[in-house]
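J.: take a look and give me a structure for this.
(one chain, ligands or ions: 2)
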Amino acid sequence: MRHIYSLAIAALISASSVSAAQYRLTSPDGHIVFTITNNAAGARYSVSVDDRMLIEPSAMGLVAEGVKWDYKKAKVTRSSLDETWTQPWGENTTCRNHYNEMAVTLGRKSDLTIRVRAFDDGVAFRYETAMTDSLTVTDELTEFRFAEPVGRSWSIPASFETYELNYRAIPIAEVADANTPFTFETSGVYGSIHEAALYDFPEMVLRRDSLGILKADLAPLPDGVKAYIPGRFTTPWRSIQIAPSAVGLINSALILNLNEPSKITNTSWIEPQKYCGVWWGMHLGTEVWTMGPRHGATTANAIRYIDFAAANNLQGVLFEGWNEGWENWGGNQHFDYIKAYDDFDIDSIARYCKAKNIELWMHNETGGNIPEYEAALEDAFAYYQSLGVHTVKTGYAGGFKGGYFHHSQYGVRHYQRVVETAARYQLMIDAHEPIKETGIRRTWPNMMTREGARGMEWNAWSEGNSAEYLCTLPYVRLLSGPMDYTPGIFDIDYLTAKADTGRIEWNGPNAHCRIKTTIARQIANWVIIYSPLQMAADLVDNYEGHPAFQFFRDFDADCQWSEALQGEIGKYIVVARRAGDKFFIGAGTDGEARTLSQPLSFLEPGITYRAMIYGDVEGNPASVAITSGLYTSADTLTISMAATGGQAITFIPEK
Ligand code: NOJ
Ligand code: CA
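T.: Ligands and ions are numbered 1, 2, ... in the order given. Purely as a prediction, here's the structure:
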């Protein structure tokens, strides 16, 4: 177990029965105040920052069939914690978890407790039930009443099926519904509503009640019930991150801190990786998942990709379309999770991977057929383990059988079952079409990364992802945790695909699709979009011989320190990470060209670094300017970016 608690003070400050109807909790630094008031009508909470109201008295509570909670009586217990814990991988190896806590217990039978934590970077609360009988939850009352509905917000619409949606930057008052993270700014205070530790419960989205009031809405089961829970149950945390700047939201570990320590004792098999794969060709339409003349996952292609990975300091390779079942796509979704296509010699491929010290990934697209996948899970995972596999990419494209929403309690249970089963077979998970990240990677560190937003694939067969979208992602979706965006396309006009006579229009109007950024920005995304499993997503032919691929060769997906240095939501972002003795910077801009001044004070003092700078060439998005220079922590770097561009920098100590 790699968790080291360097400082753990869990002091019970007081435990007393009080009848007062107001309970106040302040953050350790005193800047944030969370207040609960309760009376016969129910419980409400408010949040203020530096004496200014952020969330006005807002409803709290759960609605369960046949249960009438008694909100009147209350007992409050208080405690606080200041600990530093470490994780096997993550943006930062160590995290400080520092909060004051109060638990307000309601009802003569103490059957509902509202537990609240106030941190310097936000607040969170959850409901804990203590009933003898199980509960049928039909609603959650939690509201977020914004004191300043004129404030700005950034979010995707609410959907119980997908997060692959575009952002809206609109005043809070105009938000009809939204998924979380829901990021906002009012009077210079930045915040983001989300949830943490989502287990055995539906996801929460937000819906407008009336002007400036967003209410929790839970993804229902087919019978309309939101959740069936045991009498003793703890809901996920409802969290509000708070920061004085937009990048402050990114530099917070609040969501992780709200999760429990790792349940996996031996984490030695869990390792970040850089990977490539047979993938982009299928989205472009030059290759296909099914066996036939344009099959991507053939033995010959596999060898080529493994050789490329081994020669370029990558650790893993993914092959989509390796297993039988893709011919059923679009009809009755059915996959075989063990049987490889005849032209994919899995045993020799696994042996070749081992010989080359490359991790073989397995791909499990389910098409939404959960009963079939769950029935196959144990055997498939045992088989993958026998092949020496440590990584599985899952996929849930398509509606779940039985009319269940992806994000319902049924879906949440399924995704969790996969994570826990995978842990028993020492498998890491990269989930596409997942349930949103709520920090469970702390507790289940084999839950490495997930999609859960519009990824690269959208550039192959839709209007694509704009540079503004990419400048919003870090401040919204990425607050929840790592994303497998599948970044780094170098052939931004798909020239290779266009030259391929076998190219089909399988996935839509590819002819006018292209990557909507410069290549330098594609490189910068490897740093900006944190993922412990980081892909070089292009066809390897497009990297071969390209001088700018040196960046990914030098890059390390296993960082120990990260900081978002500067940025504005939807406009630009600069992120730095350290892995071993190397530092990396990734910067990106929206549709505007920008020049930024970036102090390098995060570099190790007293060391001179050789910087390799991968920048834009004005007027030519497909060209990368590679320059080099010597820098120390006393220097300030000028980062110039073309419209839709970016810059990526490697700092390696000069020997
Ligand atoms: C959608 C995933 O996001 C993508 O990465 C994958 O290639 C397809 N589904 C097929 O599984
Ligand atoms: Ca997807």
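J.: helix/strand/coil for V47?
T.: strand (DSSP: H, G, I helix; E, B strand; the rest coil).
J.: how near is it to ligand 2?
T.: Going from V47 to ligand 2 by CB to the ion, to the nearest Å gives 35 Å. In short, each C-beta sits where N, CA and C put it, glycine included.
J.: likewise L254?
T.: Taken as CB to the ion, the span from L254 to ligand 2 is 27 Å.
J.: per-residue confidence at that residue?
T.: pLDDT for L254: 98.
J.: got the phi and psi for it?
T.: With angles defined as degrees, to the nearest 10, L254 sits at phi -50, psi -50.
J.: right, and it touches G248 too?
T.: No - in this structure L254 lies outside contact range of G248 using CB atoms under 8 Å: 10.9 Å.
J.: overlap of the contact sets of the two?
T.: D121 (CB atoms under 8 Å, 6 or more residues apart in numbering).
J.: burial of the residue in the stretch 151-300 of the chain that ligand 1 sits nearest to, as a residue count?
T.: Closest approach of the stretch 151-300 of the chain to ligand 1 (CB to the nearest ligand atom) occurs at W279, with a separation of 5.7 Å. A count of nearby residues for W279, using other CB atoms under 10 Å, gives 27.
J.: name the helix or strand for K354, please.
T.: helix 346-356 (DSSP states H and E).
J.: who's in contact with that helix?
T.: Helix 346-356 is contacted by residues 299, 302-303, 306-307, 309-310, 317, 319, 322, 340, 359-360, 387-389 when judged by CB under 8 Å, 6+ apart.
J.: pull the most distant pair out of those residues.
T.: A310 and A340 (21.5 Å; CB to CB).
J.: for ligand 2, tell me which of the contacts of helix 346-356 show up nearby.
T.: Of the residues in the contacts of helix 346-356, proximity to ligand 2 by CB under 5 Å from the ion holds for none.
J.: for ligand 1, what's its nearest residue on the stretch 1-150 of the chain.
T.: Counting by CB to the nearest ligand atom, the stretch 1-150 of the chain gets nearest ligand 1 through W89, at 21.6 Å.
J.: residue contacts, that residue?
T.: Contacts of W89 (CB under 8 Å, 6+ apart): I270, E271, P272, P445, M448, P532, D558.
J.: repeat that with 10 Å
T.: Contact partners of W89, counting by CB atoms under 10 Å, 6 or more residues apart in numbering, are 2, 267, 270-272, 428, 441, 445, 448, 482, 532-533, 557-560.
J.: equivalent analysis for V33, please.
T.: 24-27, 46-51, 53-54, 118, 123.
J.: now swap in V278 and tell me
T.: 287, 289, 295-298, 301-302, 304-305, 317-322, 344, 363, 539-540.
J.: leaving out chain neighbours, which residue sits closest to L565?
T.: In this structure, L565 finds its nearest non-sequential neighbour in V574, 4.5 Å apart by CB to CB, 6 or more residues apart in numbering.
J.: three-state assignment of that neighbour?
T.: strand.
J.: is it in contact with L600, as I believe?
T.: No - counting by CB atoms under 10 Å, V574 sits too far from L600 to count as a contact (11.3 Å).
J.: quick one, which of the two is more surrounded?
T.: More neighbours surround V574 than the other of V574 and L600, with 25 against 20 (other CB under 10 Å).
J.: A59 contacts R145, doesn't it?
T.: Yes - the pair A59 and R145 passes the contact test of CB under 10 Å, sitting 8.5 Å apart.
J.: what about P157, is that helix, strand or coil?
T.: Per three-state DSSP, P157 ends up coil.
J.: who are the neighbours in contact with it?
T.: When the contact criterion is CB under 10 Å, 6+ apart, the partners of P157 are Y163, L165, N166, Y167, R168, V175, A176, D177, A178, N179, V205.
J.: ok, back up a step: mind checking which of A59 and R145 has more residues around it?
T.: Taking neighbours as other CB under 10 Å, A59 and R145 compare with R145 leading, 23 against 19.
J.: given whichever strand or helix holds the more buried one, what are its sheet partners and their directions?
T.: R145 belongs to strand 143-146 when assigned by DSSP H and E. Strand 143-146 has the following sheet partners, assigned by DSSP bridges: strand 52-60 (antiparallel), strand 213-218 (antiparallel).
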